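*Asks:* any chance you could fold what I've pasted below:
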Amino acid sequence: MMKTNKSKKAMVAAVLMMSMAFSGLASAADMKTIKKDGMELVQLRQAAKMYDYSIMWDSKDRSVTLMYMGVDDNMMEDDMMMKDDKMMEETMMPAGKTIKLWIGSKKIMVDGMQVNLKSMPVIHDGNTYAAESVIKQYMMPAMGMK
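*Replies:* Model (predicted):
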């Protein structure tokens, strides 16, 4: 009986993890984008909200700082499911927990390491837009198991 209960919980965790992955992919397709110099740029605030980042604007140096806030611990209540939730959080972490972008600059900082982009973040209609690669490479959780 114990094995069956554990198997059911593992199955529920796997289904939940897959549904989160697919709902994130579906939502990513709905993000607001603009084209600039042939590159598709994604609205940063919308991506930050989708992938659990806080976002902070610094008007002095015209930068945006994103900080990963993590998976909501209230998703599951059962003790065993909480262990599965911790496993999901560890396996679904984004590549960058802290990301800093400067408007008009191709350099960004990802967890203290400088990275160069193909296109610069821009402000359009009062919103910051960045290359889709920023979202895919640094903000989206890694879906693979460790």
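*Asks:* quick one: low-confidence ranges for this structure?
*Replies:* 1-29, 71-93, 142-146 (pLDDT under 70).
*Asks:* how about Gly104: what's its closest non-neighbour residue?
*Replies:* Leaving aside its chain neighbours, Gly104 sits nearest to Met120 (5.4 Å; criterion: CB to CB, 6 or more residues apart in numbering). Just so you know, the C-beta spots here come from the backbone N, C-alpha and C atoms, and that holds for glycine as well.
*Asks:* near Ser63, how many other residues are there?
*Replies:* By the measure other CB atoms under 10 Å, the count of residues near Ser63 is 18.
*Asks:* scratch that, Trp102 is what I was asking about
*Replies:* Trp102 has 16 nearby residues by other CB under 10 Å.
*Asks:* that one contacts Asp58, doesn't it?
*Replies:* No: using CB atoms under 8 Å as the test, Trp102 is too far from Asp58 to be in contact (9.2 Å).
*Asks:* quick check, Thr33 in contact with Glu40.
*Replies:* Yes: using CB under 8 Å, Thr33 is in contact with Glu40, at 5.2 Å.
*Asks:* what's the overlap in contacts for these two?
*Replies:* When contacts are counted by CB atoms under 8 Å, 6 or more residues apart in numbering, Thr33 and Glu40 are jointly contacted by Glu132.
*Asks:* hmm, back to that, wasn't the residue nearest to Gly104 part of a helix?
*Replies:* No: Met120 sits outside any helix when classified using DSSP: H, G, I helix; E, B strand; the rest coil, being coil.
*Asks:* that one contacts Thr128, doesn't it?
*Replies:* No: between Met120 and Thr128 there is no contact under CB under 8 Å: 10.9 Å.
*Asks:* shared neighbours of those two, anything?
*Replies:* Ile103.
*Asks:* for the chain, what spans make up the strands?
*Replies:* Here the chain has its strands, by DSSP state E, at 33-36, 39-43, 53-58, 63-68, 98-102, 107-110, 113-116, 122-124, 127-131.
*Asks:* can you put those in TSV and add distance to Pro141?
*Replies:* Below are these laid out as TSV (distance: least, CB to CB, whole Å):
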stretch	distance to Pro141
strand 33-36	20
strand 39-43	16
strand 53-58	11
strand 63-68	9
strand 98-102	14
strand 107-110	15
strand 113-116	18
strand 122-124	26
strand 127-131	18
